[in-house]
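Q: Here is a sequence together with a model predicted from it:
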Amino acid sequence: LLELAEEFQAQIEIKDRKYRLKTYKDTFVGSEAVDYLVSSGKAATRTEAVSLGQVLQVNFHLFEHVTRDHDFADDGLFF
């Protein structure tokens, strides 16, 4: 899992994003991370990718939702 965490950080597009006139710095979009996990073969399905992302979030503290209101999800949420 450590290798996956390192690869995840290297491959996911991190950038500043805006939502409702507020800029969130150094974020990625949950659904884009799920796209990567599936297309890279790290997960077989989108559901499996979400579960894997949640492990990275909880066990490795690799990222968190920008307002800490959500767990990792296959959605347009910023992390």
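A: Thanks, I have the structure now.
Q: Contacts made by the longest helix seen in the chain with the rest, please.
A: If you go by DSSP state H, the chain has its longest helix at helix 46-59. With contact meaning C-beta atoms under 8 Å, 6 or more residues apart in numbering, helix 46-59 is reached by 1, 4-5, 8, 30, 33-34, 37-38, 42-43, 62-64, 71-74, 79. From N, CA and C alone the C-beta is placed, and that goes for glycine too.
Q: For the spatially most distant residue from the centre of the chain, give me the pLDDT.
A: Farthest-out residue of the chain from its mean C-alpha position, per C-alpha atoms, centre = their mean: residue 21, at 22.0 Å. pLDDT, residue 21: 96.
Q: In contact with residue 17, which residues?
A: Shown in contact with residue 17 (C-beta under 8 Å, 6+ apart): 23-24, 27, 29, 78.
Q: do that again at 10 Å, thanks
A: For residue 17, the contact set (C-beta atoms under 10 Å, 6 or more residues apart in numbering) comprises 23-29, 66, 76, 78.
Q: ditto for residue 38
A: Applying C-beta under 10 Å, 6+ apart to residue 38 gives the contacts 44-49, 52, 74.
Q: could you give the mean pLDDT of the strand or helix carrying it?
A: Here residue 38 is covered by helix 30-39, with elements defined by DSSP states H and E. What helix 30-39 shows for mean pLDDT is 98.
Q: So for it, what gets flagged as buried?
A: In terms of neighbour count (16 or more other C-beta atoms under 10 Å), helix 30-39 has its buried residues at 30-31, 33-34, 36-38.
Q: now the angle from that helix to helix 46-59?
A: Interaxial angle, helix 30-39 versus helix 46-59 (axes from the mean of the first three to the mean of the last three C-alpha atoms, to 10 degrees): 110 degrees.
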